[in-house]
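In: Curious how this folds, go ahead:
(one chain, ligands or ions: 1)
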Amino acid sequence: MDEKMRLLAAGNLLEAHTWKGMLESSGIAVELKGEALLGGVGELPTGIQNVELWVAEIDLVNAKAQMISINAEKPQWKCVNCHEVNEASFELCWNCSAERSEKYS
Ligand SMILES: [Zn+2]
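Out: Okay, here's the model as predicted:
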């Protein structure tokens, strides 16, 4: 069978695609679902995008463990340019596209 389970909800499409890529690099197939994927571009304000990551039921436990290790290994970082907090996986600031700084302040 091919039962899918909801892994988690991402705050935006960029975050969802980042996590999807990381999980798929670990061999876990990810399907994105959410209202942000429907309809035309620009119909929804970016602040209320809801994107969910779904994985096969047999991968759910492994996927959750992957997300925990991803978050544990790499703490969030704050942009030195605009002071927005970015997910650990982002190499560029989601807000202003400044390069990630190694400084944690
Ligand atoms: Zn920034």
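In: doesn't residue 17 make contact with residue 90?
Out: No: at 11.0 Å, residue 90 does not count as touching residue 17 under the criterion of C-beta atoms under 8 Å. To be clear about C-beta, it is placed using only N, CA and C from the backbone, and glycine gets the same treatment.
In: For the worst-scoring helix or strand of the chain on mean pLDDT, give me every contacting residue.
Out: Using mean pLDDT, DSSP states H and E, helix 60-73 stands out as the lowest-scoring helix or strand of the chain, at a mean of 84. By C-beta atoms under 8 Å, 6 or more residues apart in numbering, the residues outside helix 60-73 that reach it are 5, 7-8, 19, 22-23, 26, 28, 30, 53, 55, 88-89.
In: Apply 7 Å and report the result again.
Out: The contact list for helix 60-73, computed with C-beta atoms under 7 Å, 6 or more residues apart in numbering, reads 5, 7, 8, 22, 23, 26, 28, 55, 88, 89.
In: Show me which residues of that helix are buried.
Out: 60, 63, 66, 67, 70 (16 or more other C-beta atoms under 10 Å).
In: Mind giving me the PyMOL command for buried ones among the contacts of helix 60-73?
Out: Burial among the contacts of helix 60-73 is assessed by 16+ other C-beta under 10 Å; the matching PyMOL selection reads:
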select buried, resi 7+22+23+28+55
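In: Would you format the contacts of helix 60-73 as a markdown table with distance to the ion and pLDDT included?
Out: As requested, those are exported to a markdown table (distance: C-beta to the ion, whole Å; pLDDT from 0 to 100):
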| residue | distance to the ion | pLDDT |
| --- | --- | --- |
| 5 | 34 | 95 |
| 7 | 27 | 94 |
| 8 | 24 | 89 |
| 22 | 21 | 90 |
| 23 | 25 | 94 |
| 26 | 28 | 90 |
| 28 | 30 | 95 |
| 55 | 31 | 97 |
| 88 | 15 | 76 |
| 89 | 15 | 76 |
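In: Now for the contacts of helix 60-73: which two are most distant?
Out: Within the contacts of helix 60-73, 5 and 88 form the most distant pair, 24.0 Å apart (C-beta to C-beta).
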